[in-house]
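*Asks:* quick one: sequence and predicted model below, then my questions.
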Amino acid sequence: MLNFTVNISEKASIPIVYVVGEVDAHTSPELNKTLISLIENGKKNIIININDVGFIDSAGVGAIARSAQALLNTHQEQFKVVCDNTQLKRIFDVSGLSNEILQFYAQESEALNAVEKE
């Protein structure tokens, strides 16, 4: 049984995607589908909370990257990613995605504040 869930809640009309567990080749398609669905439904400001992700592989990073590129192409916006795990964030830093197509925040409140200032 896979240890993975994706849930969406909204705060101030801003969707927050909570990703829990392991994001890999088996689970990343569900994450990608969720993110693309939000974009296709006109959501421009999207927060992804990965604080409860214990593992992510290249397929998981790729799913987030493809979705982020779709958001950028469609709405000229970047995902706000909540991540307080320095090792997890380092994976995105090394891949070159940090600050290119993703904006990282240590706390969800910081990401919400960034959206509200736009």
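*Replies:* Arrived safely, thanks for sending. Numbering: from 1, shown residues only.
*Asks:* would you map the strands across the protein?
*Replies:* 4-11, 14-23, 47-56, 79-82, 102-105 (DSSP state E).
*Asks:* for Lys11, which non-adjacent residue is closest in space?
*Replies:* Leu112 (6.2 Å; Cβ to Cβ, 6 or more residues apart in numbering). Quick note: C-beta positions are derived from backbone N, CA and C, even for glycine.
*Asks:* so what's the residue count around that neighbour?
*Replies:* 19 (other Cβ atoms under 10 Å).
*Asks:* quick one: pLDDT of it?
*Replies:* The score at Leu112 is 96. That number is its pLDDT.
*Asks:* that one is in contact with Ile47, isn't it?
*Replies:* Yes: judged on Cβ atoms under 8 Å, Leu112 makes contact with Ile47 at a distance of 7.0 Å.
*Asks:* which neighbours do those two share?
*Replies:* By Cβ atoms under 8 Å, 6 or more residues apart in numbering, Leu112 and Ile47 have these common neighbours: Ile14.
*Asks:* and the residue sitting nearest the centre point of the chain, what pLDDT?
*Replies:* The residue lying closest to the centre of the chain (Cα atoms, centre = their mean) is Ile48, at 3.4 Å. The model reports Ile48 with a pLDDT of 98.
*Asks:* CA atoms only: put the helix ranked longest in the chain into PDB for me.
*Replies:* The longest helix of the chain (DSSP state H) is helix 58-75. Taking Å, rounded to 0.1, in the frame of the first residue of the first chain, the C-alpha atoms of helix 58-75 are listed here in PDB:
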ATOM      1  CA  SER A  58      12.900  12.600 -10.200                       C
ATOM      2  CA  ALA A  59       9.400  11.700 -11.400                       C
ATOM      3  CA  GLY A  60       7.900  13.700  -8.500                       C
ATOM      4  CA  VAL A  61      10.100  16.700  -9.200                       C
ATOM      5  CA  GLY A  62       9.200  16.300 -12.900                       C
ATOM      6  CA  ALA A  63       5.500  16.300 -12.200                       C
ATOM      7  CA  ILE A  64       5.700  19.500 -10.200                       C
ATOM      8  CA  ALA A  65       8.000  21.100 -12.800                       C
ATOM      9  CA  ARG A  66       5.600  20.200 -15.700                       C
ATOM     10  CA  SER A  67       2.600  21.600 -13.800                       C
ATOM     11  CA  ALA A  68       4.600  24.700 -12.800                       C
ATOM     12  CA  GLN A  69       5.500  25.300 -16.500                       C
ATOM     13  CA  ALA A  70       1.800  24.900 -17.400                       C
ATOM     14  CA  LEU A  71       0.900  27.500 -14.800                       C
ATOM     15  CA  LEU A  72       3.500  29.900 -16.000                       C
ATOM     16  CA  ASN A  73       2.400  29.400 -19.700                       C
ATOM     17  CA  THR A  74      -1.300  29.700 -18.900                       C
ATOM     18  CA  HIS A  75      -1.500  32.400 -16.200                       C
END
